[in-house]
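J.: Just a sequence and a predicted model for now, questions to come.
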Amino acid sequence: MSRSSSPSAVGSYSTQDVEIDSDGASMAGLLCSPAGAADATPAFAIIGPIGFVKEQSPIQYATRLARLGYTTLVFDPRHFGETGGAPLQYDSPALKTADLRAAVAFLAQSATVDPTRIGAIGVCMGANWAAAAAAEDPAVSRVALVVGAYLLRTKMVAGYGGQQGFDDWVASTAPAHEHFLATGETDYRPMIAERMEDSFFNFDVPYAWYSNWVRREPLCYRGRWENRLATVSEHELWQHDAGQSFRAIDVPTLVINSTDSATDLPTVEHLVEQIQGDSRLVVTGDQIQTQFYDDPLTIDLAVDLIASWARS
């Protein structure tokens, strides 16, 4: 169902606010359609980093790809942005993957989209959910993973000093998670606190980037990003293992990485080797992670790589 009676035209593409059904919940989306397309177009559903809203990195990819002839769809997942839903700011691997699959299903129902040529794009942590959707959903015909911040069990176990340390952490967070499942109640942690060490983003690059989003009130075009994350999210997030998804992907896959992005290059190379379908790894240079969020030159490069790969 559309929430806009008259789509707005922007140069070589038009935009339209849409509502996307995801397991009975209505998600707020923005559909970008190339102007003047004579035939049904290829399409991409795009999902962004942890705690994202569509007005952050996803829209940067959506508008550029629309100019190149691709129908694109960005959206606020359940519990975030315009979509909302209690509890707010609850980041769940299962829900994020389901929401991306719902966006793909929405595109497949569009008369202007070729249902056999719908792909998924995941940026940063969104690459985990794009990989999962590609592994699980035959409607996803190809997937592009951009500087993935991959959640990997081996990394988490090492980070907690070994399997016992990781198991102890899981056990310590389980009661709060069980309480959440029973009551819907959760505590919150600031994404950006006054002191970096008190923040969810407690290291330099994301702390600096997200600090620019903390005060959004006068900047209405920047969506409804909130400076907090439901603490129960971490119990689910840190147990996710993207390696399982990579081993199950059998569709064409493009992996874009830099030498200074969130996941080190040897780990990314190992993940790509496990993909069952055709795969391509492109190393763009030494860009930092957040350049793929909003740096025009970096995003232009990534989008050109995606478009040329999708045409091949």
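T.: Yep, it's here.
J.: use CA for all of it now, contacts and neighbours both
T.: Will do.
J.: Show me where this structure dips below the pLDDT cut-off.
T.: 1-11, 217 (pLDDT under 70).
J.: Quick one: the helices in it, in order.
T.: 57-67, 93-108, 126-136, 153-159, 163-183, 204-211, 232-237, 242-248, 265-273, 291-294, 296-311 (DSSP state H).
J.: what residues does the fourth one touch?
T.: The one in question is helix 153-159. The contact list for helix 153-159 (CA atoms under 8 Å, 6 or more residues apart in numbering) reads 163, 165-166, 238-241.
J.: Quick check: the gap between Gly69 and Asp39.
T.: Distance, Gly69 to Asp39, by CA to CA, to the nearest Å: 11 Å.
J.: The two: which has the busier surroundings?
T.: Neighbours per residue (other CA atoms under 10 Å) separate Gly69 from Asp39, with Gly69 holding more: 19 against 10.
J.: quick one: the more buried one and Cys32 touch, right?
T.: No. Using CA atoms under 8 Å, Gly69 is not in contact with Cys32; the gap is 10.0 Å.
J.: Can you tell me which of the helices of the chain is packed in deepest?
T.: Ranked by mean neighbour count under mean count of other CA atoms under 10 Å, the helices of the chain are led by helix 126-136, which reaches a mean of 27.
J.: tell me which strands and helices that one is in contact with?
T.: For helix 126-136, the packing partners by 3 or more CA pairs under 8 Å, 6 or more residues apart in numbering; DSSP states H and E come out as strand 41-47, helix 93-108, strand 113-123, strand 142-146, helix 242-248.
J.: With distance to Asp17 as added columns, please give the ones you listed in CSV.
T.: Conversion of these to CSV gives the following (distance: least, CA to CA, whole Å):
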stretch, distance to Asp17
strand 41-47, 14
helix 93-108, 13
strand 113-123, 17
strand 142-146, 24
helix 242-248, 31
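J.: Just tell me which of these ends up closest to Leu229.
T.: helix 93-108 (13.9 Å; CA to CA).
J.: residues making contact with the closest one?
T.: For helix 93-108, the external contacting residues (CA under 8 Å, 6+ apart) are 20-22, 43-47, 73, 75, 77-78, 113-115, 118-120, 129-130, 132-133, 137, 139-140, 236-237, 240.
J.: Same question for stretch 212-232.
T.: By CA under 8 Å, 6+ apart, stretch 212-232 touches 51-56, 80-82, 87-91, 173, 176-177, 180, 186-192, 200.
J.: what's the answer for stretch 290-310, then?
T.: The set of residues external to stretch 290-310 that reach it, using CA under 8 Å, 6+ apart, is 56-57, 60-61, 64-65, 68, 123, 144, 146-147, 205-206, 209, 254, 256, 287.
J.: re the thing from before, show the buried residues in the contacts of stretch 212-232.
T.: Buried members of these, scored by 16 or more other CA atoms under 10 Å, are 51-56, 80-82, 87-91, 176-177, 186, 190-192, 200.
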